[in-house]
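J.: For reference, the sequence and a predicted model appear below.
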Amino acid sequence: MNRQPVKVLIVDDSAVVRRVVSDCLGDRPEIEIVGTACNPYDARDKILNLAPDVVTLDLDMPLMDGLTFLRLIMQHRPMPVVILSSLTATGSRIALEALQAGAVDIMEKPSASRFNPEEATVLVHKIVAAAASRVLGPHPELNSSLLRKVGSAERETRTFNPRKVILIGASTGGTEAIRQILAPLPPDLPGIAVVQHIPAAFSGPFASRLNELCRLEVREARHGDLLRTGTVLIAPGGRHLALRWTGSAYEALLGDGPKVHHQRPAVDVLFESAVKAGAGPHALGVLLTGMGADGAAGLLRLKESGGESIAQDEASCVVFGMPREAIKLGAARQVLPLKNITTAIDQFADSRAITAT
(Lines give C-alpha, C1' and ligand atoms only; values in the text may rest on other atoms or scores of the structure.)
Protein backbone atom coordinates (compact mmCIF):
# COMPACT_ATOMS: atom_id res chain seq x y z
CA MET A 1 0.00 0.00 0.00
CA ASN A 2 1.37 3.42 -0.98
CA ARG A 3 1.72 5.85 1.86
CA GLN A 4 0.11 9.25 1.58
CA PRO A 5 2.67 12.05 1.22
CA VAL A 6 3.42 14.13 4.29
CA LYS A 7 1.56 17.45 4.11
CA VAL A 8 3.91 20.31 5.01
CA LEU A 9 3.32 23.98 5.85
CA ILE A 10 6.42 26.19 5.51
CA VAL A 11 6.49 29.15 7.91
CA ASP A 12 9.19 31.81 7.42
CA ASP A 13 9.11 35.58 7.05
CA SER A 14 11.72 35.44 4.27
CA ALA A 15 10.30 34.93 0.79
CA VAL A 16 13.71 33.62 -0.29
CA VAL A 17 13.74 30.93 2.42
CA ARG A 18 10.15 29.95 1.63
CA ARG A 19 11.14 29.51 -2.01
CA VAL A 20 14.34 27.60 -1.16
CA VAL A 21 12.50 25.18 1.13
CA SER A 22 9.68 24.80 -1.39
CA ASP A 23 12.16 24.06 -4.18
CA CYS A 24 13.88 21.50 -1.96
CA LEU A 25 10.70 19.64 -1.07
CA GLY A 26 8.53 20.25 -4.10
CA ASP A 27 9.68 17.32 -6.24
CA ARG A 28 9.85 14.76 -3.44
CA PRO A 29 7.11 12.14 -3.78
CA GLU A 30 6.93 11.63 0.00
CA ILE A 31 6.23 15.34 0.58
CA GLU A 32 3.25 17.54 -0.36
CA ILE A 33 3.62 21.27 0.29
CA VAL A 34 0.13 22.41 1.22
CA GLY A 35 1.08 26.04 1.79
CA THR A 36 3.51 28.68 3.01
CA ALA A 37 3.08 31.42 5.60
CA CYS A 38 5.02 34.62 6.21
CA ASN A 39 4.17 35.13 9.89
CA PRO A 40 2.54 33.25 12.79
CA TYR A 41 -0.89 34.80 12.26
CA ASP A 42 -0.91 33.69 8.64
CA ALA A 43 0.37 30.29 9.78
CA ARG A 44 -2.37 29.94 12.40
CA ASP A 45 -5.09 30.36 9.77
CA LYS A 46 -3.41 27.96 7.36
CA ILE A 47 -2.93 25.30 10.03
CA LEU A 48 -6.67 25.42 10.68
CA ASN A 49 -7.64 25.46 6.98
CA LEU A 50 -5.00 23.16 5.45
CA ALA A 51 -4.43 20.65 8.29
CA PRO A 52 -0.74 20.02 7.59
CA ASP A 53 0.96 16.95 9.06
CA VAL A 54 4.19 18.86 9.78
CA VAL A 55 5.14 22.53 10.10
CA THR A 56 8.63 23.86 9.36
CA LEU A 57 9.07 26.94 11.50
CA ASP A 58 11.44 29.89 11.52
CA LEU A 59 12.19 31.38 14.94
CA ASP A 60 13.00 34.99 14.05
CA MET A 61 9.81 36.51 12.62
CA PRO A 62 7.87 39.78 12.89
CA LEU A 63 4.62 40.24 14.82
CA MET A 64 5.32 37.16 16.97
CA ASP A 65 8.55 35.21 17.38
CA GLY A 66 8.61 31.56 16.40
CA LEU A 67 9.24 30.25 19.93
CA THR A 68 6.13 31.98 21.27
CA PHE A 69 4.11 30.66 18.33
CA LEU A 70 5.45 27.15 18.92
CA ARG A 71 4.29 27.26 22.52
CA LEU A 72 0.84 28.33 21.36
CA ILE A 73 0.75 25.45 18.88
CA MET A 74 1.65 22.96 21.62
CA GLN A 75 -1.00 24.45 23.90
CA HIS A 76 -3.89 24.60 21.45
CA ARG A 77 -3.15 22.18 18.58
CA PRO A 78 -0.12 19.95 19.27
CA MET A 79 1.50 18.79 16.05
CA PRO A 80 4.98 17.93 14.73
CA VAL A 81 7.18 20.99 14.19
CA VAL A 82 10.66 21.05 12.65
CA ILE A 83 12.66 24.19 13.45
CA LEU A 84 14.73 25.83 10.70
CA SER A 85 17.17 28.08 12.54
CA SER A 86 19.99 30.47 11.79
CA LEU A 87 23.53 29.53 12.79
CA THR A 88 24.09 32.38 15.24
CA ALA A 89 24.80 31.64 18.90
CA THR A 90 21.46 33.18 19.83
CA GLY A 91 19.68 31.18 17.14
CA SER A 92 21.22 27.93 18.39
CA ARG A 93 20.21 28.66 21.99
CA ILE A 94 16.62 29.49 21.04
CA ALA A 95 16.43 26.42 18.80
CA LEU A 96 17.33 24.23 21.80
CA GLU A 97 14.65 26.02 23.82
CA ALA A 98 12.23 25.15 21.02
CA LEU A 99 13.03 21.45 21.44
CA GLN A 100 12.17 21.75 25.11
CA ALA A 101 8.96 23.55 24.14
CA GLY A 102 7.89 20.57 22.04
CA ALA A 103 9.50 20.84 18.59
CA VAL A 104 10.48 17.46 17.17
CA ASP A 105 13.74 18.40 15.45
CA ILE A 106 15.97 21.24 14.32
CA MET A 107 17.98 22.00 11.21
CA GLU A 108 20.12 24.93 10.17
CA LYS A 109 18.86 27.12 7.35
CA PRO A 110 20.73 26.79 4.05
CA SER A 111 23.75 29.06 3.77
CA ALA A 112 23.22 29.61 0.05
CA SER A 113 20.22 30.18 -2.19
CA ARG A 114 19.42 26.46 -2.21
CA PHE A 115 19.88 23.27 -0.22
CA ASN A 116 22.65 21.05 -1.52
CA PRO A 117 21.58 17.44 -2.23
CA GLU A 118 22.82 16.17 1.14
CA GLU A 119 21.03 18.95 3.04
CA ALA A 120 17.86 18.27 1.06
CA THR A 121 17.97 14.58 1.96
CA VAL A 122 18.47 15.43 5.63
CA LEU A 123 15.52 17.83 5.63
CA VAL A 124 13.24 15.25 3.99
CA HIS A 125 14.36 12.64 6.53
CA LYS A 126 13.58 15.00 9.41
CA ILE A 127 10.13 15.85 8.05
CA VAL A 128 9.23 12.20 7.46
CA ALA A 129 10.46 11.32 10.95
CA ALA A 130 8.45 14.21 12.40
CA ALA A 131 5.31 12.98 10.66
CA ALA A 132 5.80 9.59 12.33
CA SER A 133 6.49 11.08 15.75
CA ARG A 134 4.46 11.08 18.92
CA VAL A 135 3.96 14.73 19.88
CA LEU A 136 4.55 14.89 23.62
CA GLY A 137 4.17 18.66 23.96
CA PRO A 138 6.38 20.81 26.20
CA HIS A 139 8.95 18.91 28.23
CA PRO A 140 9.03 19.52 31.99
CA GLU A 141 11.42 21.93 33.61
CA LEU A 142 13.87 20.15 35.90
CA ASN A 143 13.26 21.56 39.35
CA SER A 144 15.40 21.06 42.42
CA SER A 145 13.28 18.23 43.81
CA LEU A 146 13.77 16.21 40.64
CA LEU A 147 17.50 16.91 40.65
CA ARG A 148 17.71 15.38 44.14
CA LYS A 149 15.95 12.25 43.00
CA VAL A 150 19.05 10.17 42.20
CA GLY A 151 22.15 10.14 44.39
CA SER A 152 21.52 11.54 47.84
CA ALA A 153 23.96 13.92 49.46
CA GLU A 154 24.50 11.41 52.29
CA ARG A 155 25.86 8.69 50.02
CA GLU A 156 29.63 8.26 50.04
CA THR A 157 31.48 8.97 46.81
CA ARG A 158 32.01 5.93 44.61
CA THR A 159 35.00 5.03 42.49
CA PHE A 160 35.00 2.63 39.57
CA ASN A 161 37.04 0.27 37.51
CA PRO A 162 38.29 2.63 34.77
CA ARG A 163 37.03 0.09 32.22
CA LYS A 164 33.44 0.81 33.23
CA VAL A 165 31.60 3.01 30.73
CA ILE A 166 28.10 4.18 29.82
CA LEU A 167 27.10 4.70 26.18
CA ILE A 168 23.96 6.53 25.02
CA GLY A 169 22.56 6.90 21.51
CA ALA A 170 19.54 8.86 20.28
CA SER A 171 18.00 10.62 17.30
CA THR A 172 14.61 12.35 16.86
CA GLY A 173 13.36 13.43 20.28
CA GLY A 174 16.68 12.54 21.87
CA THR A 175 17.88 15.95 23.02
CA GLU A 176 15.13 16.24 25.61
CA ALA A 177 15.29 12.54 26.51
CA ILE A 178 19.03 12.90 27.21
CA ARG A 179 18.39 16.04 29.25
CA GLN A 180 15.82 14.27 31.39
CA ILE A 181 18.14 11.30 31.94
CA LEU A 182 21.37 13.16 32.72
CA ALA A 183 20.21 16.11 34.79
CA PRO A 184 19.17 14.15 37.90
CA LEU A 185 22.25 11.88 37.88
CA PRO A 186 24.93 12.18 40.57
CA PRO A 187 28.46 13.29 39.66
CA ASP A 188 30.09 10.04 40.80
CA LEU A 189 29.42 7.97 37.67
CA PRO A 190 31.63 6.20 35.15
CA GLY A 191 32.39 8.20 32.03
CA ILE A 192 29.48 8.62 29.63
CA ALA A 193 29.76 8.94 25.83
CA VAL A 194 26.74 10.22 23.90
CA VAL A 195 25.83 10.19 20.22
CA GLN A 196 22.83 12.35 19.36
CA HIS A 197 21.95 12.91 15.73
CA ILE A 198 22.18 16.70 15.64
CA PRO A 199 23.45 19.32 13.19
CA ALA A 200 27.01 20.51 13.73
CA ALA A 201 25.88 24.03 14.61
CA PHE A 202 23.87 22.80 17.59
CA SER A 203 25.96 20.08 19.26
CA GLY A 204 28.22 22.55 21.09
CA PRO A 205 25.32 24.63 22.48
CA PHE A 206 23.53 21.36 23.35
CA ALA A 207 26.51 20.19 25.41
CA SER A 208 26.84 23.61 27.08
CA ARG A 209 23.16 23.63 27.99
CA LEU A 210 23.44 20.17 29.55
CA ASN A 211 26.51 21.24 31.48
CA GLU A 212 24.51 24.07 33.06
CA LEU A 213 21.78 21.63 34.14
CA CYS A 214 23.84 18.63 35.26
CA ARG A 215 26.01 17.78 38.23
CA LEU A 216 28.15 15.82 35.79
CA GLU A 217 30.66 17.70 33.65
CA VAL A 218 29.26 17.76 30.10
CA ARG A 219 31.16 18.99 27.07
CA GLU A 220 31.43 18.45 23.34
CA ALA A 221 34.05 15.77 22.67
CA ARG A 222 37.44 16.74 21.30
CA HIS A 223 39.81 14.35 19.57
CA GLY A 224 42.04 12.80 22.22
CA ASP A 225 39.80 13.61 25.21
CA LEU A 226 39.98 11.02 27.99
CA LEU A 227 36.64 9.78 29.28
CA ARG A 228 36.93 10.20 33.04
CA THR A 229 34.62 9.53 35.98
CA GLY A 230 31.91 12.17 36.22
CA THR A 231 32.38 13.32 32.62
CA VAL A 232 29.97 13.22 29.68
CA LEU A 233 31.34 13.61 26.15
CA ILE A 234 28.84 14.59 23.42
CA ALA A 235 29.72 13.68 19.83
CA PRO A 236 30.13 16.81 17.66
CA GLY A 237 27.60 17.10 14.87
CA GLY A 238 29.11 15.87 11.61
CA ARG A 239 31.87 13.79 13.30
CA HIS A 240 31.86 10.14 14.29
CA LEU A 241 32.78 9.45 17.93
CA ALA A 242 34.67 6.26 18.78
CA LEU A 243 36.47 5.06 21.90
CA ARG A 244 39.91 3.50 22.23
CA TRP A 245 41.41 1.97 25.38
CA THR A 246 44.77 3.51 26.25
CA GLY A 247 45.66 1.18 29.11
CA SER A 248 44.29 3.46 31.82
CA ALA A 249 41.29 5.26 30.26
CA TYR A 250 39.09 5.44 27.19
CA GLU A 251 40.22 7.99 24.62
CA ALA A 252 37.75 9.79 22.34
CA LEU A 253 38.52 9.56 18.64
CA LEU A 254 36.70 11.83 16.18
CA GLY A 255 36.44 10.86 12.53
CA ASP A 256 35.02 11.98 9.20
CA GLY A 257 34.38 8.49 7.81
CA PRO A 258 31.38 7.55 5.69
CA LYS A 259 27.94 8.00 7.15
CA VAL A 260 26.39 4.96 8.79
CA HIS A 261 22.60 4.66 8.50
CA HIS A 262 22.82 8.06 6.75
CA GLN A 263 24.21 9.54 9.97
CA ARG A 264 27.46 11.09 11.16
CA PRO A 265 27.84 10.78 14.10
CA ALA A 266 26.37 7.29 14.18
CA VAL A 267 25.43 5.38 17.30
CA ASP A 268 26.65 2.09 15.83
CA VAL A 269 30.15 3.55 15.39
CA LEU A 270 30.32 4.41 19.10
CA PHE A 271 28.85 1.12 20.34
CA GLU A 272 31.01 -1.06 18.08
CA SER A 273 34.17 0.88 18.93
CA ALA A 274 33.51 0.21 22.61
CA VAL A 275 33.26 -3.50 21.92
CA LYS A 276 36.55 -3.41 19.98
CA ALA A 277 38.12 -1.51 22.89
CA GLY A 278 37.22 -4.36 25.23
CA ALA A 279 34.50 -2.45 27.06
CA GLY A 280 31.81 -5.10 26.52
CA PRO A 281 31.64 -6.74 29.98
CA HIS A 282 32.02 -3.33 31.64
CA ALA A 283 29.59 -1.33 29.50
CA LEU A 284 26.00 -0.21 29.61
CA GLY A 285 24.47 0.74 26.27
CA VAL A 286 21.26 2.81 26.17
CA LEU A 287 19.32 3.30 22.93
CA LEU A 288 16.74 6.07 22.96
CA THR A 289 14.05 7.52 20.71
CA GLY A 290 14.77 7.96 17.01
CA MET A 291 13.83 6.96 13.49
CA GLY A 292 15.66 4.19 11.65
CA ALA A 293 17.93 1.43 12.90
CA ASP A 294 21.14 3.19 13.98
CA GLY A 295 22.45 1.67 17.20
CA ALA A 296 20.44 -1.56 17.08
CA ALA A 297 23.24 -3.75 15.71
CA GLY A 298 25.80 -2.09 17.97
CA LEU A 299 23.63 -2.64 21.03
CA LEU A 300 23.39 -6.32 20.12
CA ARG A 301 27.18 -6.55 19.89
CA LEU A 302 27.49 -4.92 23.32
CA LYS A 303 25.04 -7.41 24.78
CA GLU A 304 26.76 -10.38 23.12
CA SER A 305 30.12 -9.21 24.51
CA GLY A 306 28.74 -9.26 28.06
CA GLY A 307 27.43 -5.73 28.42
CA GLU A 308 24.17 -4.44 29.83
CA SER A 309 21.69 -2.96 27.36
CA ILE A 310 18.56 -0.83 27.62
CA ALA A 311 16.07 0.26 24.94
CA GLN A 312 13.53 2.99 25.57
CA ASP A 313 9.94 1.74 25.49
CA GLU A 314 7.43 2.70 22.81
CA ALA A 315 5.10 4.71 25.03
CA SER A 316 7.78 7.24 26.04
CA CYS A 317 9.51 7.54 22.63
CA VAL A 318 8.91 10.45 20.29
CA VAL A 319 9.75 8.05 17.44
CA PHE A 320 9.85 4.32 18.24
CA GLY A 321 12.29 3.35 15.50
CA MET A 322 15.81 2.68 16.75
CA PRO A 323 14.69 1.06 20.03
CA ARG A 324 12.14 -1.08 18.17
CA GLU A 325 14.84 -2.40 15.82
CA ALA A 326 17.06 -3.21 18.82
CA ILE A 327 14.22 -5.07 20.53
CA LYS A 328 13.50 -7.02 17.32
CA LEU A 329 17.15 -8.12 17.22
CA GLY A 330 17.03 -9.23 20.85
CA ALA A 331 19.62 -6.60 21.73
CA ALA A 332 17.89 -5.13 24.79
CA ARG A 333 18.20 -6.83 28.17
CA GLN A 334 15.73 -4.25 29.50
CA VAL A 335 12.99 -2.17 27.84
CA LEU A 336 12.25 0.80 30.06
CA PRO A 337 10.18 3.99 30.04
CA LEU A 338 12.26 7.14 29.90
CA LYS A 339 11.46 8.02 33.52
CA ASN A 340 13.13 4.80 34.76
CA ILE A 341 16.35 4.98 32.76
CA THR A 342 18.11 7.43 35.07
CA THR A 343 17.69 5.06 38.02
CA ALA A 344 18.81 2.11 35.90
CA ILE A 345 22.02 3.94 34.97
CA ASP A 346 22.75 4.74 38.61
CA GLN A 347 22.10 1.13 39.59
CA PHE A 348 24.49 -0.05 36.88
CA ALA A 349 27.12 2.30 38.25
CA ASP A 350 26.46 1.04 41.77
CA SER A 351 27.09 -2.58 40.83
CA ARG A 352 30.62 -3.49 41.88
CA ALA A 353 31.36 0.17 42.69
CA ILE A 354 34.01 0.82 45.31
CA THR A 355 32.72 3.12 48.04
CA ALA A 356 35.24 5.65 49.30
CA THR A 357 35.98 5.51 53.03
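T.: Sure thing, it's come through.
J.: Isn't T159 up against T229?
T.: Yes: in this structure, T159 sits in contact with T229. The criterion is Cβ atoms under 8 Å, and the distance is 7.1 Å. C-beta: built from backbone N, CA, C; applies to glycine.
J.: Give the residues shared as contacts by those two.
T.: D188 (Cβ atoms under 8 Å, 6 or more residues apart in numbering).
J.: Looking at those two, which one has more neighbours?
T.: When T159 and T229 are compared for neighbours, T229 comes out ahead with 20 against 12, by other Cβ atoms under 10 Å.
J.: That one belongs to a helix, doesn't it?
T.: No: looking at T229 with DSSP: H, G, I helix; E, B strand; the rest coil, it is coil, so not inside a helix.
J.: Would you confirm that it contacts D188?
T.: Yes: under the criterion of Cβ under 8 Å, T229 makes contact with D188 at 6.9 Å.
J.: Report the set of residues contacting both of the two.
T.: When contacts are counted by Cβ under 8 Å, 6+ apart, T229 and D188 have T159 as shared neighbours.
J.: how about the helix or strand containing E118: buried residues?
T.: Assigned by DSSP states H and E, E118 belongs to helix 117-131. Within helix 117-131, the residues that qualify as buried by neighbour count (16 or more other Cβ atoms under 10 Å) are 119-120, 122-131.
J.: And for stretch 45-60?
T.: Residues of stretch 45-60 classed as buried: 46-47, 52-60 (neighbour count, 16+ other Cβ under 10 Å).
J.: can you tell me which of those residues are in helices?
T.: Where the buried residues of stretch 45-60 overlap with helices, as defined by DSSP state H, the overlap consists of 46-47.
J.: Can I get the buried residues of stretch 45-60 in JSON lines including pLDDT and distance to K164?
T.: Formatted as JSON lines, those follow (pLDDT from 0 to 100; distance: Cβ to Cβ, whole Å):
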{"residue": "K46", "pLDDT": "98", "distance to K164": "53"}
{"residue": "I47", "pLDDT": "97", "distance to K164": "49"}
{"residue": "P52", "pLDDT": "97", "distance to K164": "47"}
{"residue": "D53", "pLDDT": "97", "distance to K164": "44"}
{"residue": "V54", "pLDDT": "98", "distance to K164": "41"}
{"residue": "V55", "pLDDT": "98", "distance to K164": "43"}
{"residue": "T56", "pLDDT": "97", "distance to K164": "42"}
{"residue": "L57", "pLDDT": "96", "distance to K164": "42"}
{"residue": "D58", "pLDDT": "94", "distance to K164": "44"}
{"residue": "L59", "pLDDT": "92", "distance to K164": "40"}
{"residue": "D60", "pLDDT": "89", "distance to K164": "44"}
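J.: Out of the buried residues of stretch 45-60, which is nearest to P205?
T.: L59 (13.6 Å; Cβ to Cβ).
J.: Quick check: that closest one touching G91?
T.: Yes: with the criterion set as Cβ under 8 Å, L59 and G91 qualify as a contacting pair; they are 6.7 Å apart.
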